[in-house]
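Peer 1: give me coordinates for this.
(4 chains)
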4 protein chains.
Amino acid sequence: MKHEINLERYAVRTDLIVETIAQYKDKKGIHMNTKQFDQVRLDEVEIDEEGETYYNKKRGMYQTITFEDVTDHTNRDKVQEVFSFALKDLLSKHQIKEEDTCLIIGLGNGKSTPDALGPKVIQSILVTKHLFDLPGSNVSSGYRNVAAFAPGVTGTTGIETKDFILGITEKIKPQFLIVIDALAASSIDRVNKTIQMTDTGVHPGSGIGNSRTEISQDTIGIPVFAIGIPTVVDAVTIVSDTIFYMLKHFSYNKENIKNYKTKLIPIMNRNYLDHEENLSDKDKMKLMGLLGNLSEEELKTLVFEVLTPIGYNLMVTPKEIDFLLDQLSHVVAKGINETLHRQINS
Amino acid sequence: MKHEINLERYAVRTDLIVETIAQYKDKKGIHMNTKQFDQVRLDEVEIDEEGETYYNKKRGMYQTITFEDVTDHTNRDKVQEVFSFALKDLLSKHQIKEEDTCLIIGLGNGKSTPDALGPKVIQSILVTKHLFDLPGSNVSSGYRNVAAFAPGVTGTTGIETKDFILGITEKIKPQFLIVIDALAASSIDRVNKTIQMTDTGVHPGSGIGNSRTEISQDTIGIPVFAIGIPTVVDAVTIVSDTIFYMLKHFSYNKENIKNYKTKLIPIMNRNYLDHEENLSDKDKMKLMGLLGNLSEEELKTLVFEVLTPIGYNLMVTPKEIDFLLDQLSHVVAKGINETLHRQINS
Amino acid sequence: MKHEINLERYAVRTDLIVETIAQYKDKKGIHMNTKQFDQVRLDEVEIDEEGETYYNKKRGMYQTITFEDVTDHTNRDKVQEVFSFALKDLLSKHQIKEEDTCLIIGLGNGKSTPDALGPKVIQSILVTKHLFDLPGSNVSSGYRNVAAFAPGVTGTTGIETKDFILGITEKIKPQFLIVIDALAASSIDRVNKTIQMTDTGVHPGSGIGNSRTEISQDTIGIPVFAIGIPTVVDAVTIVSDTIFYMLKHFSYNKENIKNYKTKLIPIMNRNYLDHEENLSDKDKMKLMGLLGNLSEEELKTLVFEVLTPIGYNLMVTPKEIDFLLDQLSHVVAKGINETLHRQINS
Amino acid sequence: MKHEINLERYAVRTDLIVETIAQYKDKKGIHMNTKQFDQVRLDEVEIDEEGETYYNKKRGMYQTITFEDVTDHTNRDKVQEVFSFALKDLLSKHQIKEEDTCLIIGLGNGKSTPDALGPKVIQSILVTKHLFDLPGSNVSSGYRNVAAFAPGVTGTTGIETKDFILGITEKIKPQFLIVIDALAASSIDRVNKTIQMTDTGVHPGSGIGNSRTEISQDTIGIPVFAIGIPTVVDAVTIVSDTIFYMLKHFSYNKENIKNYKTKLIPIMNRNYLDHEENLSDKDKMKLMGLLGNLSEEELKTLVFEVLTPIGYNLMVTPKEIDFLLDQLSHVVAKGINETLHRQINS
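Peer 2: The predicted structure follows:
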């Protein structure tokens, strides 16, 4: 059996820089830095000119916040704290000053739960531009000039998202943009458990399969900070992730088969995630045949070729998405409000 | 007692041309024409240069559809039919051609039930602009190039509605606009029972007390058709309307006191609306004192002066507003879709 | 002119005990006590056997909380504090113990904004019954066994509210009930500005014109505490209240006509609410004719007879109802949670 | 490698009878009958005493409607027609008469999109019980006495669903029940593409992992018809389905490798679903090792053991669930209304 791999045609989709980088054994053209805040992890990645070509990812700063559970109150507060820390850092790297005006744009479809992150965040943003615009206005110091809107999706407005943003931006002339969107994850452990922010802008719709034009400093002319959370994942990812977990699982159990301590742990409790898979090619062949010896890229392409012709490469979201999205949009909105307005929580 | 009437300060608010005109005994500078379609009435009013000054209302065409009950299925279909008839008429008077592109804007706050008409209508508009924009697009004839959006309210976006509309309009360059908004009524029999459309544009927020700048052909540069439905009414209007109804009620009962046929009708069933009040000034004085002899304007000003200092000039909406708005937004959206796209229902 | 007053047929509707009592000059069969907490007022009324007959109101305890503005954060916290104080008091008067189980019922139609108080409160109630029901359950002390549901309205379920409540109550056997409902106000200054709680139960639907059977200790067999907020008011009330305010306004201005200090206050700023109307009958006759000399009851009946035959006795709600209801339901839910579960906020 | 299969502990979950039966090569104790209506398929399955033991499924009638796409208008109408046909058949088999009273119960959480089928259907049910209950009621013939409610979920009410249903049923005494719920699918091609109805009742929550007590004729004492649609699927199912599809895909391509006609079909267009997999064990071993030779049960258990310890056995729903659920609940509500009330669409 030979299956054709055609990466141009079936390019693996990923919106998260940490997932992209993880696919490369040799790293180059990047600077990485990881900080841990209790259970919450912050990966700062800077991609330079060399990295841009190598990873096919736009050069710039990427901040990735990874967390386990946002339904827990304490954990949620911590995530929001790290969020504010990272956003402040990103703004300061671009010399955004306290008096610079900001326009916040919530992309996505408010009527479709997993795609509603942007519109939901916008609902809780503290806007002040109309107060600054009042004749004789005298807004307290510590509050920034902020506007916000959710343009909806092209399918229900007929308008390209980029035209929408350009139209408003040219009219009200903010000094920087913050754009919020739901993303697609390319590994199941990221879904609703990661916030990525970057100064490289956004391609609306790119994460969910239809490509519109880029919204970034290059195309809009002012700094564009993008904030994204992966809320959906496709079946290809679920399957190929699981096959790699299987190999890990086999490797872990093989290694521990004579370990009396491990043997007493019920199989359902054996968390092998940190185990480094070290099966021989022969073992892999025995356990999973040719399938066991594919690279991640090859495996994803194969699964894509299996599921697509029969219409089952579903893009899915966890069934608890309504509750998770409530929490996540709260974290993002609160984090933005605190970062933009010095007067809040200071 | 002398109460100061200061119309500049407390100008009686009305968004409906038929209400404005009804306040004037002598008509000038207008051409009126009334059509009746079963239970639905269509008043076509054209205001010319003379009328503009006289009524302090912008010159142009006003179409007013009056109906009783939109929860009844048959009646709703009839209202929608008259709506399409009137809108087609208005478009054709401005030489709007089948291939002219249209942008529809739904004003108001989708989170506030009585103000949600615009956003609700937008949800059911058939948009096609993105299909026309596709490379090699080949949209069936009979469908117009239509885009639609709901800009939200300044209080939650920080952006002036007019800036919003100008920004999008300059970017996507439609050939005409349709703007939908909820209005304030200045008589209780109009609430949720009237649709007004006009080619004179709209003042967002003017109907609910805060004035933004005009959206019209004069300010936007392309024809602007405004569609409005009064969904709220203020306490001043409820009270002054009722006082005039009292006089009618007294007059009717006085006239019929010796009419044996009328006497047998229970008082609660005596529909006196079509009765022409003809009480003598002396009768009015006896029944309602000085109050009975005020003009409508004087009465409204008095009630305004009574209610405002104590904070009770509420703007209210009927408690069934959720259901009524569902029906009304359906009528407007369906009527617009049918009018703009020849292919629908043809 | 003689208009027939038929109080049996057109009985003035009021759901608030303080409004009922205010209509009587001579008080009997009641004990009243008023407490002021900053801007929030608490009226405790106990009606005994004599009062029950005299006022035609069920004997029992009524606690009425009156406040101005629940959109202000500080004020809202104060209202909630008084709410908890009053509810605790009511429960302790009935010897409700910390371990007594409670069922909370949110009446009304969640799809109709002004009628959605009950269902909205239920959404934020902390329920625990299912945890107590778990085999080997060991719920922390300080948490009460609480269940909650919103039965919907008969028009959409086909089921009498009382049957619904009896069915569940007989099955799960709580030791007391709390029932929450939106009410109709009979004065405009009460709308969204009053919370009434009572141990006399509730007549679902009575406040909005259709009478179902009573839900109370007499009919259910366990203590029933009812919590209500007036969210709607009818046009009759708006008009008759305004006519009385007119008299006050005239009286105030007459009295102050020579008072130089008052004369300098703009008429729109003259808050005459605390002024005691003291016009002579002759003055009233001159100003408002026979209308000026009607009792409140007579006036309401007249207005009812004027508006009803022409279909304009609308029941209305302020146009900001969506936002107000969010705040009010939050206050009630938080107040109930704190009162029922000692562990919360202690 | 030996992995322990423990079906008591990790029993494969399936709510659909056709999926259960498909897992058995030898059929016994059932009568099956398949009807095709254009693109819509109806499988009627009757399980007898022998089948009950053999399949571990309750004896009774199961009707399964299978369709591709409910967003297409024509197809949706056809599904609804088949739905009414099947429901009428089920009712008539139980001698349900036109005058028998019905209570409809919509299970699930209206606030969680993939679980909201029941509550959404209830919103569109035509209820009449309150009209039959009116004194001197005279409901037109052709309308049945119907009540309906959505009890919510135990997590937000604290009340066991079964207690809720028993409480209401004992109070209003309907002659039969219809219960609607969202289910979990155990194959990805069923999600949002199947409606199952049965006379064997329902286990609320069983499809989503937590077991409450049965609601059926045995426990309630009147006929209970359950209507379910699978809206969620777990990661185990997605992965094990895909592995079987892989084998089919390999088998198809092997068989057609020399077929010039097939070779010209792009791999992405090769719909191999109807192909019968016929790889030799040796081929399977080569392609997928031991994995390729597991039975469906063994494979599911293995995947379960791989995903569960690391927390990734997500239960998911397609990202378009909001739109699909709107369509599906419309089909079910309309189908029920037409079946219960002869007067509708007759």
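Peer 1: what's near enough to touch the nearest residue to residue A:337 once chain neighbours are set aside?
Peer 2: By the measure of C-beta to C-beta, 6 or more residues apart in numbering or on different chains, the closest residue to residue A:337 outside its immediate chain neighbours is residue A:126, 4.9 Å from it. All C-beta atoms are positioned from the backbone trio N, CA, C, and that covers glycine. With contacts defined as C-beta atoms under 8 Å, 6 or more residues apart in numbering or on different chains, residue A:126 is in contact with A:146, A:337, A:340-341, A:344.
Peer 1: swap the cut-off to 7 Å and go again
Peer 2: When the contact criterion is C-beta atoms under 7 Å, 6 or more residues apart in numbering or on different chains, the partners of residue A:126 are A:146, A:337, A:341.
Peer 1: what of residue A:62?
Peer 2: With C-beta under 7 Å, 6+ apart as the criterion, the residues that contact residue A:62 are A:17, A:45, A:196, A:198.
Peer 1: can you check residue A:333 too?
Peer 2: Neighbour list for residue A:333: A:121, A:124-125 [criterion: C-beta under 7 Å, 6+ apart].
Peer 1: chain neighbours aside, what residue packs nearest to it?
Peer 2: Closest residue to residue A:333 in three dimensions, ignoring its sequence neighbours and counting by C-beta to C-beta, 6+ apart: residue A:124, at 3.6 Å.
Peer 1: the one you found: neighbour count?
Peer 2: Residues near residue A:124, counting by other C-beta atoms under 10 Å in any protein chain shown, number 15.
Peer 1: just residue A:213 next, same as before
Peer 2: Taking other C-beta under 10 Å as the criterion, the count of residues near residue A:213 is 15.
Peer 1: is it true that it touches residue A:161?
Peer 2: No - with the criterion set as C-beta atoms under 7 Å, residue A:213 and residue A:161 do not qualify as a contacting pair; they are 8.5 Å apart.
Peer 1: over stretch A:38-58, what's the mean pLDDT, rounded is fine.
Peer 2: Averaged over stretch A:38-58, pLDDT sits at 92.
Peer 1: give me the contacts around that stretch.
Peer 2: A:17-18, A:20-21, A:24, A:28-35, A:59-68, A:75, A:78-79, A:82, A:86, A:200.
Peer 1: check contacts around the residue nearest to residue A:233 when sequence neighbours are not counted.
Peer 2: Sequence neighbours aside, residue A:185 is the residue nearest to residue A:233 in space, at 4.7 Å (criterion: C-beta to C-beta, 6+ apart). For residue A:185, the residues meeting the contact criterion (C-beta under 7 Å, 6+ apart) are A:16, A:191, A:230, A:233, A:237.
Peer 1: how much space separates residue A:185 from chain B?
Peer 2: Separation of residue A:185 from chain B (C-beta to the nearest C-beta, to the nearest Å) stands at 27 Å.
Peer 1: ok, the closest residue to chain C within the stretch 101-250 of chain A to chain B distance?
Peer 2: Using C-beta to the nearest C-beta, the point where the stretch 101-250 of chain A gets nearest to chain C is residue A:123, with a distance of 12.2 Å. As defined by C-beta to the nearest C-beta, residue A:123 lies at a distance of 7 Å from chain B.
Peer 1: and what of residue A:255?
Peer 2: Going from residue A:255 to chain B by C-beta to the nearest C-beta gives 55 Å.
Peer 1: check what pLDDT that residue gets.
Peer 2: What the model reports for residue A:255 is a pLDDT of 82.
Peer 1: do residue A:250 as well
Peer 2: Among the per-residue scores, residue A:250 holds a pLDDT of 89.
Peer 1: and residue A:138, how many neighbours does it have?
Peer 2: Tallying neighbours of residue A:138 according to other C-beta under 10 Å, which is how burial is gauged here, yields 8.
Peer 1: which parts of the stretch 101-250 of chain A sit against chain B?
Peer 2: Contact residues, the stretch 101-250 of chain A versus chain B (C-beta under 7 Å from any C-beta of the partner chain): A:127-130, A:146-149, A:152, A:154, A:156-159, A:163-164, A:166-168, A:170-172.
Peer 1: out of those, which end up buried?
Peer 2: Applying 16 or more other C-beta atoms under 10 Å in any protein chain shown to these, the neighbour count classes A:127-130, A:146-149, A:152, A:154, A:156-159, A:163-164, A:166-168, A:171-172 as buried.
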